[in-house]
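Asker: What shape does this take:
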Amino acid sequence: MERRGMLRPDATLPAVAQGYAWLPDLRRLNGGGPVRTRLMGHPAIALHGPEAVRFFYDEEHIERRSALPGPVLDTLFGRGAVHTLDGPGHRARKALFVSLLKTPASVGDLARRAGAEWDEAAAQWGHRRRVELFTEASVVITRANPSAGRVGTRPRRIDRSCGGLRAPRPPAAG
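Answerer: Numbers count the residues shown, from 1 in each chain. All right, here's what the predicted structure looks like:
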């Protein structure tokens with residue numbers, strides 16, 4: 001039976017119940033091509049393969065600022081993350097991340113720096129009454145960035161530099 005034009009039920013619950021297996025299973029059931037569905041009440045299309053990647057990265061086809069639902073932004077990426085930017089803002093922020101991952105050596109260097117920064121930060125946290133992990137993670141990530149050397153180690157300068165990673169902050173758990 002042709003599914004085109006049929007009303008598709010929301011697939012949020014099956015996606016949550018099946019986890020990462022949900023989408024590959026759905027694609028197999030539908031012949032492996034693009035799959036139309038609904039998630040959190042919104043229409044969604046799942047694409048796969050090299051052509052889909054080219055389509056997705058062509059800025060004329062994709063609008064990032066409204067692509068992710070609020071709960072995903074609040075719990076996983078944060079509002080203002082690179083995944084929510086379009087145009088020059090997206091390209092500039094993406095270039096910062098991509099420049100750190102160009103070679104296996106640069107990835108290894110970043111991993112070593114990040115590990116050392118996490119260790120140093122965690123050692124300091126034992127002396128504090130309260131630690132806000134989201135904020136601390138943005139500081140660790142900023143300090144691990146090889147270009148952070150020009151920011152220096154003064155807390156106010158680090159805080160200003162890493163503010164873009166965490167602004168605006170996700171809502172407090174309540």
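Asker: Chain neighbours aside, what residue packs nearest to the residue nearest the centre of the chain?
Answerer: Closest residue to the average C-alpha location of the chain: residue 77 at 4.5 Å, with CA atoms, centre = their mean. Closest residue to residue 77 apart from its sequence neighbours, by CB to CB, 6 or more residues apart in numbering: residue 83 at 5.3 Å. Using the backbone N, CA and C atoms, a C-beta is placed for each residue, glycine as well.
Asker: tally of neighbours for the one you found?
Answerer: Residue 83 has 17 neighbours, counted by other CB atoms under 10 Å.
Asker: Endpoints of stretch 126-139, how far apart?
Answerer: This stretch, stretch 126-139, spans 17 Å end to end (CA to CA, to the nearest Å).
Asker: Show the model's pLDDT score for the residue nearest to the centre of the chain.
Answerer: Model confidence at residue 77, given as pLDDT, is 76.
Asker: before we move on, what about residue 7?
Answerer: Per-residue pLDDT puts residue 7 at 59.
Asker: cool, residue 162 as well?
Answerer: With respect to pLDDT, residue 162 has a value of 56.
Asker: need the helix or strand of the chain with the lowest average pLDDT.
Answerer: Sorting the helices and strands of the chain by mean pLDDT, DSSP states H and E puts helix 155-166 at the bottom, at a mean of 51.
Asker: Point out where the chain drops to low pLDDT.
Answerer: 1-7, 147-174 (pLDDT under 70).
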